[in-house]
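Peer 1: I would like the atomic coordinates for the input below:
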Amino acid sequence: MTIANLVCGIVGSIVATIIITVVTKVYLGISNYRGLKGSIRLLRDCYEGGIVNVFPCRKTYVQHKDHGTETQYISRSSNKLLYVGYWLAHGTEMGNIKQTIQKLIFDGKDVELVLLNPDNVALLVEIADYMQIDYNEMKQRINTCLSKMFKLKCDLPSELKEHFHIKIHNVPINASAFLIDYDSEKEMCILVDYKIYNQEREKSYGIEFRDRSKIMTKSLRESYLKIASRAKTYETEFTDY
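Peer 2: Now for the predicted structure:
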């Protein structure tokens, strides 16, 4: 064996070792890098669970072209829209939501809003602490939203009123959710906005689920529909704000 062949053999062994090491690290991961194996597993778990989008904070919603603003998102509804949560946006934002909901109803689509019961003091105290918001401010926001939505329903033609339902619930939830076309197995989607204890609402994060046959999508659908079914219909005299 010549020296040249010996050197080539050594160099080849070193290169092969380096390549194998790199490939192994890429596959298994290193330090904060998950690795190809972990990434594939994560993608598989997301697929089986029904997860299609993750939003690390509120501002990322509009950065996803397939999501957009809150009103743009709910406008995608083809048949039904269900909201289960705390209260809808108020003040200047409420106008856009009202118009969007009104358009859905006039297009013959069913809309159901399930908000916190503003008269459940114990529940509101608990959630106000969780969300780091003043109790009285939260109660006022809920009542304002309910009042505006109730007026919207009162102003609807009689034949369209059956397409709009307003309810109040008593469940200590830690997230709000929009369910779009939830009777359709493949077309339905659920956007869940999770609140973090003692953090500003702008730091909440969202996960979007689709396909009713998927594990997590199915469970979430059943859960939110149960809250809606147990909620009480909101009926009160309209108060102008």
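Peer 1: you'd agree L225 is up against M188?
Peer 2: No - look at L225 against M188 with CB atoms under 8 Å: they stay out of range, at 11.2 Å. C-betas here are computed from N, CA, C, even on glycine.
Peer 1: and for these two, which residues touch both?
Peer 2: L179, Y182 (CB atoms under 8 Å, 6 or more residues apart in numbering).
Peer 1: higher neighbour count, those two?
Peer 2: M188 (20 against 15; other CB atoms under 10 Å).
Peer 1: List the residues that contact the more buried one.
Peer 2: Each residue near M188 by CB under 8 Å, 6+ apart is listed here: L179, I180, D181, Y182, R210, D211, R212, T217, R221.
Peer 1: and the gap between the residue positioned nearest the centre of the chain and K186?
Peer 2: Central residue of the chain (CA atoms, centre = their mean): V192, 2.1 Å from the mean position. V192 is 19 Å from K186, where distance means CB to CB, to the nearest Å.
Peer 1: again, but for D107
Peer 2: Computed with CB to CB, the distance linking D107 and K186 is 21 Å.
Peer 1: The two: which has the busier surroundings?
Peer 2: Neighbours were counted for D107 and for K186 using other CB under 10 Å; D107 has more, 12 against 9.
Peer 1: Could you pull out the strands in this structure for me?
Peer 2: 51-55, 80-84, 110-116, 164-169, 175-180, 189-194, 205-210, 232-233 (DSSP state E).
Peer 1: any chance of these in JSON lines, with distance to K103 too?
Peer 2: Listed next are the strands of the chain as JSON lines, based on distance: least, CB to CB, whole Å:
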{"stretch": "strand 51-55", "distance to K103": "24"}
{"stretch": "strand 80-84", "distance to K103": "11"}
{"stretch": "strand 110-116", "distance to K103": "10"}
{"stretch": "strand 164-169", "distance to K103": "12"}
{"stretch": "strand 175-180", "distance to K103": "15"}
{"stretch": "strand 189-194", "distance to K103": "19"}
{"stretch": "strand 205-210", "distance to K103": "22"}
{"stretch": "strand 232-233", "distance to K103": "23"}
